[in-house]
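Undergrad: sequence and predicted model, in that order:
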Amino acid sequence: AQSVSQHNHHVILSEAASLELGCNYSYGGTVNLFWYVQYPGQHLQLLLKYFSGDPLVKGIKGFEAEFIKSKFSFNLRKPSVQWSDTAEYFCAGSGGGADGLTFGKGTHLIIQP
Amino acid sequence: DTGVSQDPRHKITKRGQNVTFRCDPISEHNRLYWYRQTLGQGPEFLTYFQNEAQLEKSRLLSDRFSAERPKGSFSTLEIQRTEQGDSAMYLCASSLTVSNEQFFGPGTRLTVL
């Protein structure tokens, strides 16, 4: 069965710290991977996506993610976080002949000033 | 605003009543998706349409749930004989076929008393 798992449900960092949020997927065949962010009181927004090609993808607001096929991983990174990055982050995937997204449970990120 | 819109934003109903939600996708998007999100979880896929055709349905979509997209534009999601377990945020998303990059609406929060 298709699945996406996120390792950390709650992460607290100080401003300027580096961020890495883990995501692992389980799909057969071609997979499309996404990271979405949900700021407080707002709806889901796409941060970045991987379909094919360069496994290192860059998104908005300085985020990037690396697709590592051998590890079934698609971790999200940011070298220096800001207070405004406080939000819920969701990893999601589609593939295996299904177009609906499968989401992880999310990581609640809190950045302390 | 040219994003995905949903109506109503909030709905409170009594157990056993029927409710209907509406989603208006981004105008040129031919795919429309419905998801459900409960507290502490990521969104769960329910169903999706390509134009007016319903192409995929999750096992989560019980026979009390029905979705339509009669003219390939807006969509409705109806829940009959609501149960307390139906309380959740119902999210709509739209995309172009070629990209599967899904843009989400603000959601309809359903509370079943």
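TA: Everything's here; your move.
Undergrad: low-confidence regions, chain B specifically.
TA: Low-confidence segments of chain B, defined by pLDDT under 70: B:1, B:98-99.
Undergrad: now do the strands in it.
TA: B:5-7, B:10-13, B:19-24, B:31-37, B:44-50, B:53-57, B:65-68, B:75-79, B:88-95, B:103-104, B:108-112 (DSSP state E).
Undergrad: least confident secondary structure element in chain A?
TA: Of all the helices and strands that make up chain A, strand A:98-103 has the lowest average by mean pLDDT, DSSP states H and E, namely a mean of 86.
Undergrad: output the contacting helices and strands for that one.
TA: The criterion is 3 or more CB pairs under 8 Å, 6 or more residues apart in numbering or on different chains; DSSP states H and E, and the helices and strands that strand A:98-103 contacts are strand A:3-6, strand A:87-95, strand B:31-37, strand B:44-50, strand B:53-57. Placement of C-beta: from N, CA and C, glycine included.
Undergrad: need those strands in JSON lines with mean neighbour count and distance to residue A:109, can you?
TA: Shown next, in JSON lines, are the helices and strands packed on strand A:98-103 (neighbours: other CB atoms under 10 Å in any protein chain shown; distance: least, CB to CB, whole Å):
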{"stretch": "strand A:3-6", "mean neighbour count": "17", "distance to residue A:109": "11"}
{"stretch": "strand A:87-95", "mean neighbour count": "23", "distance to residue A:109": "6"}
{"stretch": "strand B:31-37", "mean neighbour count": "24", "distance to residue A:109": "18"}
{"stretch": "strand B:44-50", "mean neighbour count": "22", "distance to residue A:109": "22"}
{"stretch": "strand B:53-57", "mean neighbour count": "14", "distance to residue A:109": "31"}
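Undergrad: any low-confidence regions in chain A?
TA: In chain A, residues with pLDDT under 70: A:1, A:96-97.
Undergrad: spell out which parts of it neighbour chain B.
TA: Contacts of chain A with chain B, taken as CB under 8 Å from any CB of the partner chain, map to A:4, A:32, A:34, A:36, A:42-46, A:49, A:90, A:92, A:94, A:98-106.
Undergrad: mark which of those residues are buried, thanks.
TA: With burial judged by 16 or more other CB atoms under 10 Å in any protein chain shown, the buried subset of the residues of chain A next to chain B is A:4, A:32, A:34, A:36, A:43-44, A:46, A:49, A:90, A:92, A:94, A:98-104, A:106.
Undergrad: now do the contacts for residue B:80.
TA: Contacts here follow CB atoms under 8 Å, 6 or more residues apart in numbering or on different chains; on that basis residue B:80 touches B:18, B:64, B:65, B:66.
Undergrad: quickly find the element holding the residue lying closest to residue A:86 once chain neighbours are set aside.
TA: Nearest-residue entry for residue A:86: residue A:111, 4.9 Å, with adjacent residues in sequence omitted and distances by CB to CB, 6 or more residues apart in numbering or on different chains. Taking DSSP states H and E as the definition, residue A:111 sits inside strand A:107-112.
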